[in-house]
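In: predicted model and sequence follow; I will ask about them next.
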Amino acid sequence: MELPKLRQDIDNIDTKLVNLLNERARISLNIGKAKKEAITINPEDEEKETHVYIPGREKQVFEKLQRLNYGPLASESLCAIYREIMSASISLQKAISISYFGPEGSNTHQAARERFGESVQYLPKLSIPDVFDAVEHGHSTYGIIPFENSTFGSVVTTLDRFISSKVQIRAETYLQISSLKRVYSHPQAFGQCQKWLDHNLKTVERVEAGSTSQAAQLAAAEPNAAAIANIGCAQLYGLNILERNIEDSQNNITRFFVIGTSSDAPTIEDKTFILFTLDHRQSGALCDALKVFKDYDINLTKIDTRPSLMRPWHYVFFIEFQGHKEQEEVKKALNELNQYCLDVVILGSYPNQKPVSLS
Ligand SMILES: O=C(O)C(=O)C[C@]1(C(=O)O)C=C[C@@H](O)C=C1
């Protein structure tokens, strides 16, 4: 076929696409209005503000797209296009800001961009507690923080800040951490690449930085210095890539939480994250607490513990389980759990986003 004719075909399709995209945008604006009206009609509702970001609905849309797609467009390409459609849709309803554990180019920044696209405002914060503060004080609509890494485990600063937090988890999101690099880095990244570093850079001094992107920034400003960071950082700070994929486990994935002022309504598959404290003088207290989940047939997906920060040798337990805090069985289980605990705090419920490859 002639090239001009093929380009004419593309022009015609683009005209249709632009019209359809705007039709979609108008519906999104109406959804925005409907959300505001729902709150005005039901002022007694727990929900005091309109949430434009609905992770459960987004999951549904993305799953449907992948089911519908028979190519030749790759599903990843289609999802990337839709990420931006959704981002624009959100920003039409309300201008939102996302604070993230930065600086610019950090893994958390990357995770945030993959989750929220380019039409929202990003606010870098230099520490994880600063992200919590920004959400708690209303300086940003949502926050995003690293929660755990598949090789190195929990991010303890995040767990510790949850102990005194007023935020609720709204979503989880996963990021494949690849192409880790050099000698300046965040302690988490050093931990993830320990074996490689011991083998290849045994005599090189390891200098800790506040984040992987700060490490890249430092390395860029210093001759003969390197950083362990992601590819985005190398591009941002003009670094050469010396070695790729140096992490000990090649399947190195970090999970992040999106935090906000409230969680969203139940979807078909949610998880809930809680913390609780126990009376340590009572033998079997932890066993009694955990048995509640067995009795209600609630599957646990994570358990962790941290010093309580209030009294030495007192601990806070963190548990993630399948189910939503508004489901009857979960409510009953948490009520019963309360009887065995000094304190139970629900940190939020969110749709399960675990990639199938990790299940
Ligand atoms: O369904 C909604 O609640 C919308 O606001 C629409 C929409 C979309 O564009 O599809 C936009 C943002 C939400 O995070 C989910 C979906």
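Out: Noted; the coordinates are in hand.
In: surely Phe321 is within a strand?
Out: Yes: the assignment for Phe321, made by DSSP: H, G, I helix; E, B strand; the rest coil, places it in a strand.
In: got a list of what it touches?
Out: Contacts of Phe321 were listed using CB atoms under 8 Å, 6 or more residues apart in numbering, and they are 271-272, 274, 293, 298-301, 330. (C-beta placed from N, C-alpha, C; glycine too.)
In: repeat that for Glu76.
Out: Contact analysis of Glu76 by CB under 8 Å, 6+ apart lists nothing.
In: that older thread, can you turn the buried part of the contacts of Phe321 into a ChimeraX selection?
Out: Filtering the contacts of Phe321 down to the buried ones (16 or more other CB atoms under 10 Å) takes a single ChimeraX command:
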select :271,272,274,293,298,330
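In: looking at the contacts of Phe321, which are in helices?
Out: Cross-referencing those with the helices (criterion: DSSP state H) gives 293, 330 as the overlap.
In: turn the contacts of Phe321 into JSON lines, columns for distance to the ligand.
Out: Formatted as JSON lines, the entries for the contacts of Phe321 read as follows, by distance: CB to the nearest ligand atom, whole Å:
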{"residue": "Lys271", "distance to the ligand": "18"}
{"residue": "Thr272", "distance to the ligand": "20"}
{"residue": "Ile274", "distance to the ligand": "25"}
{"residue": "Phe293", "distance to the ligand": "30"}
{"residue": "Ile298", "distance to the ligand": "27"}
{"residue": "Asn299", "distance to the ligand": "27"}
{"residue": "Leu300", "distance to the ligand": "28"}
{"residue": "Thr301", "distance to the ligand": "24"}
{"residue": "Val330", "distance to the ligand": "24"}
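In: just name the closest of the contacts of Phe321 to Arg161, please.
Out: Within the contacts of Phe321, distances to Arg161 taken as CB to CB reach their minimum at Ile274, with 15.4 Å.
In: just the CA trace of stretch 88-108, in CSV.
Out: Once non-C-alpha atoms are left out, stretch 88-108 reads as follows in CSV (Å, rounded to 0.1, in the frame of the first residue of the first chain):
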residue,chain,number,x,y,z
ALA,A,88,-4.9,13.2,33.0
SER,A,89,-8.3,12.0,34.1
ILE,A,90,-7.3,12.3,37.8
SER,A,91,-5.9,15.8,37.3
LEU,A,92,-9.1,16.9,35.5
GLN,A,93,-11.1,16.0,38.6
LYS,A,94,-8.7,17.6,41.1
ALA,A,95,-5.1,18.8,41.1
ILE,A,96,-3.3,16.3,43.3
SER,A,97,0.2,16.2,44.7
ILE,A,98,2.3,13.2,45.6
SER,A,99,5.1,13.5,48.1
TYR,A,100,7.7,10.7,47.7
PHE,A,101,11.0,9.6,49.4
GLY,A,102,13.4,11.4,47.1
PRO,A,103,15.4,13.1,45.8
GLU,A,104,14.4,13.1,42.1
GLY,A,105,15.3,9.9,40.4
SER,A,106,15.0,7.7,43.5
ASN,A,107,13.4,4.2,43.3
THR,A,108,10.4,5.6,45.1
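In: report the distance from it to the chain centre.
Out: Between the mean C-alpha point of stretch 88-108 and the mean C-alpha point of its chain there is a distance of 12 Å (CA atoms, centre = their mean, to the nearest Å).
In: that stretch: which residues count as buried?
Out: Applying a neighbour-count criterion of 16+ other CB under 10 Å, one finds 88-94, 96, 98-103, 105-108 buried in stretch 88-108.
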